[in-house]
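Asker: okay, structure incoming, though there's no sequence with it:
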């Protein structure tokens with residue numbers, strides 16, 4: 001049988017991409033053969049995601065050409081490129097919260113429905129109802145094939161998606177939303193699948209489970225070409241036949257994974273020197289200097305949750321959660337996906353409202369009714385996924401952090417932005433660049449500068465290492481270590497437990513919305529029970545306390 005993707009080579013020739021005066025990709029030449037599985041790695045800001053954005057039409061090359069099977073892609077709109085058999089996922093999960101899981105996967109079959117129903121392209125999103133109404137030849141068959149395709153893909157994901165197909169997408173854990181992204185892309189029956197950091201935010205068990213699923217996808221659809229951007233090198237080594245290492249917008253190495261990762265240039269560019277160290281306090285430009293002292297009696301905690309229950313509709317996310325964060329203390333909230341970590345921070349920030357229980361800030365009941373009220377009280381947030389205002393410039397995104405300092409003279413704010421530029425020198429050339437065009441690591445730096453510009457008393461940070469290269473993770477933790485040494489109170493949600501426990505004083509471990517363990521960072525690092533609690537996630541038994549053998553640590 002002839003390979004249906006035969007001749008559908010992806011070819012990039014002399015591709016350059018610039019944002020303003022900044023060159024994000026500088027002359028990339030690349031050919032990917034039909035059926036290949038290629039991994040792209042490199043430090044944050046290397047141009048990896050920009051390359052995917054450019055192939056799929058979300059960014060336009062300033063020079064060079066891109067073609068699939070000899071057909072030019074550069075200059076085309078994303079929807080036209082998708083219609084040619086190219087599907088993708090994004091760095092952050094993108095689901096339709098109002099749809100069920102099954103409906104979300106069926107969205108990916110629209111390409112086949114429009115083609116099968118032969119409805120004129122000018123009808124656009126009305127193609128399906130018009131096709132059904134007028135009985136255009138072939139539409140009924142195409143609709144049945146689309147249903148079968150969606151069912152096939154859902155079953156491929158097994159218990160993660162198939163038994164839940166009638167549930168709303170917002171009920172899924174983060175890891176399963178990532179799986180849903182891939183399922184929707186596969187439902188398009190692509191010739192070329194582009195995956196942008198598919199395991200970001202997943203723990204090691206979930207990451208390798210997804211890798212096994214992708215190996216199964218390869219067996220079922222051998223003609224499909226896959227290009228994957230990924231920071232977890234063990235996953236790249238497990239899946240790919242070929243690894244491309246990028247740095248500073250160019251291809252540094254193109255070889256099989258073993259040869260690529262053995263190259264000393266790769267270790268220097270991607271891993272840095274001395275990775276995995278316990279972070280030392282280093283001198284920098286963004287020092288913690290709040291504009292007002294922390295209110296309330298000095299012997300009261302900065303934040304306290306007492307027996308808090310939180311629901312999303314009928315689904316309970318937190319069960320009687322109690323925790324304390326002392327003034328000047330760094331505390332981590334750890335656990336598997338869907339354990340309630342992010343919900344805990346969202347509760348403090350009033351992004352969700354508890355059904356019962358009490359929250360105190362600086363020793364007083366939290367009376368804030370909105371997130372803006374909380375921010376006014378001296379709390380800054382670095383949310384999961386950074387949450388840039390994509391259509392605003394880097395400078396404007398940073399300045400948003402000063403919203404609660406509206407009376408501050410502009411000359412002072414300009415001086416603070418200069419401090420941010422000194423801390424992150426690459427910002428100087430990007431201040432007028434749209435934030436949506438930045439890489440994940442670059443966005444994390446902007447998010448940190450934005451939070452610092454608030455001059456906070458308390459920093460809430462959600463998944464600071466998600467989607468970052470090892471070198472960038474070290475950079476983030478160096479800065480957090482400095483802020484902690486200068487007295488900033490930090491509440492951190494982190495998937496990477498080992499990394500968080502290098503920084504924090506104490507930690508709470510959640511499992512299915514229940515605090516299952518708590519103690520000092522040193523105690524938790526040595527306790528073998530943390531593995532079961534941390535990896536339990538949504539597959540663990542019903543909520544219940546794990547006997548960890550640790551006494552609750554007192555505030556210091």
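Answerer: Arrived safely. This one's a predicted model, so the numbers in the text were calculated from it and none came from an experiment.
Asker: quick one: mean pLDDT for stretch 506-522?
Answerer: Averaged over stretch 506-522, pLDDT sits at 89.
Asker: which of the residues in it are buried?
Answerer: 506-521 (16 or more other Cβ atoms under 10 Å). Yep, even glycine has a C-beta here, placed from its N, CA and C like the rest.
Asker: which ones among the residues you listed lie within strands?
Answerer: 506-511, 514-520 (DSSP state E).
Asker: tell me which of the buried residues of stretch 506-522 is nearest to residue 196?
Answerer: Minimum distance to residue 196 across those is 28.1 Å, recorded for residue 510 (Cβ to Cβ).
Asker: ok, what's across the strand from that closest one?
Answerer: For residue 510, the beta-bridge partners are residue 515 (DSSP bridges).
Asker: rank the helices and strands of this protein by mean pLDDT and give me the bottom one.
Answerer: helix 127-134 (a mean of 51; mean pLDDT, DSSP states H and E).
Asker: for the helix or strand just after that one, packing partners?
Answerer: Per DSSP states H and E, the first helix or strand lying C-terminal to helix 127-134 is helix 139-156. Identification of packing neighbours for helix 139-156 by 3 or more Cβ pairs under 8 Å, 6 or more residues apart in numbering; DSSP states H and E yields helix 101-107, helix 110-117, helix 127-134, helix 174-186, helix 204-220.
Asker: using TSV, please lay out those helices together with mean neighbour count and distance to residue 480.
Answerer: Converted to TSV, those look like this (neighbours: other Cβ atoms under 10 Å; distance: least, Cβ to Cβ, whole Å):
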stretch	mean neighbour count	distance to residue 480
helix 101-107	22	36
helix 110-117	19	44
helix 127-134	16	49
helix 174-186	23	22
helix 204-220	16	22
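Asker: and the ones you listed, which one's lowest on average pLDDT?
Answerer: Among the helices and strands packed on helix 139-156, helix 127-134 has the lowest mean pLDDT, at a mean of 51.
Asker: which element, helix or strand, includes the residue lying closest to residue 243 once chain neighbours are set aside?
Answerer: Among residues not flanking residue 243 along the chain, residue 260 sits closest, at 4.1 Å (Cβ to Cβ, 6 or more residues apart in numbering). Using DSSP H and E, residue 260 sits within helix 257-262.
Asker: residues of that helix that come out buried?
Answerer: Going by 16+ other Cβ under 10 Å, helix 257-262 has these buried residues: 257, 260, 261.
Asker: and stretch 392-405, by the same measure?
Answerer: Under the neighbour-count criterion of 16+ other Cβ under 10 Å, stretch 392-405 has 393, 394, 395, 397, 398, 399, 401, 402, 404, 405 buried.
Asker: now, which of these lie within strands?
Answerer: Using DSSP E, none of these sit in strands.
Asker: and which of those residues is nearest to residue 92?
Answerer: When the buried residues of stretch 392-405 are compared for distance to residue 92 (Cβ to Cβ), residue 397 wins out at 16.0 Å.
Asker: what does the pLDDT read for that closest one?
Answerer: pLDDT recorded at residue 397 is 87.
Asker: now swap in residue 499 and tell me
Answerer: 83.
Asker: just checking, it touches residue 474?
Answerer: No - using Cβ atoms under 8 Å, residue 499 is not in contact with residue 474; the gap is 9.4 Å.
Asker: which stretches of the stretch 451-556 of the chain form helices?
Answerer: Ranges of helices in the stretch 451-556 of the chain, per DSSP state H, counting those that start in this stretch, are 470-485, 497-503, 521-526, 529-536.
Asker: in this protein, what spans have low per-residue confidence?
Answerer: 1-7, 20-22, 111-139, 269-292, 337, 529-556 (pLDDT under 70).
Asker: what do you get if the cut-off is 50, keeping everything else the same?
Answerer: 1-6, 115-124, 134, 273-277, 535-556 (pLDDT under 50).
Asker: is the closest residue to residue 240 other than its chain neighbours bridged to anything, and to what?
Answerer: Among residues not flanking residue 240 along the chain, residue 39 sits closest, at 3.7 Å (Cβ to Cβ, 6+ apart). Beta-bridge partners recorded for residue 39 (DSSP bridges): residue 228, residue 243.
Asker: check residue 491 too.
Answerer: According to DSSP bridges, beta-bridge pairing links residue 491 with residue 331, residue 460.
Asker: domain parsing for the protein?
Answerer: Domain ranges of the chain: 1-95+190-271, 101-171, per automatic domain parsing.
Asker: quick one: which of the ones you listed is nearest residue 313?
Answerer: domain 101-171 (8.5 Å).
Asker: quick one: end-to-end length of the closest one, please.
Answerer: 9 Å (Cα to Cα, to the nearest Å).
Asker: wait, the residue nearest to residue 240 touches residue 245, no?
Answerer: No - at 9.2 Å, residue 39 and residue 245 do not qualify as touching, with contact defined as Cβ under 8 Å.
Asker: one step back: list the contacts of the residue nearest to residue 240.
Answerer: Contact analysis of residue 39 by Cβ atoms under 8 Å, 6 or more residues apart in numbering lists 228, 229, 230, 236, 239, 240, 242, 243, 244, 257.
Asker: by neighbours, which of those residues wins?
Answerer: Of all those, residue 229 has the most neighbours under the rule other Cβ atoms under 10 Å, reaching 27 neighbours.
Asker: tell me who's in contact with that residue.
Answerer: Applying Cβ under 8 Å, 6+ apart, the residues contacting residue 229 are 39, 40, 41, 48, 49, 51, 52, 195, 196, 197.
Asker: so how far is residue 236 from the first one?
Answerer: It refers to residue 39. To residue 236, residue 39 is 4 Å away according to Cβ to Cβ, to the nearest Å.
Asker: then the third one?
Answerer: In this view, residue 41 and residue 236 are 6 Å apart by Cβ to Cβ.
Asker: pull up the overlap in contacts between these two.
Answerer: With Cβ under 8 Å, 6+ apart, residue 41 and residue 236 have common neighbours 230, 243.
Asker: just the strands in the stretch 351-500 of the chain please.
Answerer: For the stretch 351-500 of the chain, applying DSSP state E, counting those that start in this stretch gives strands covering 356-361, 364-365, 379-382, 458-462, 489-493.
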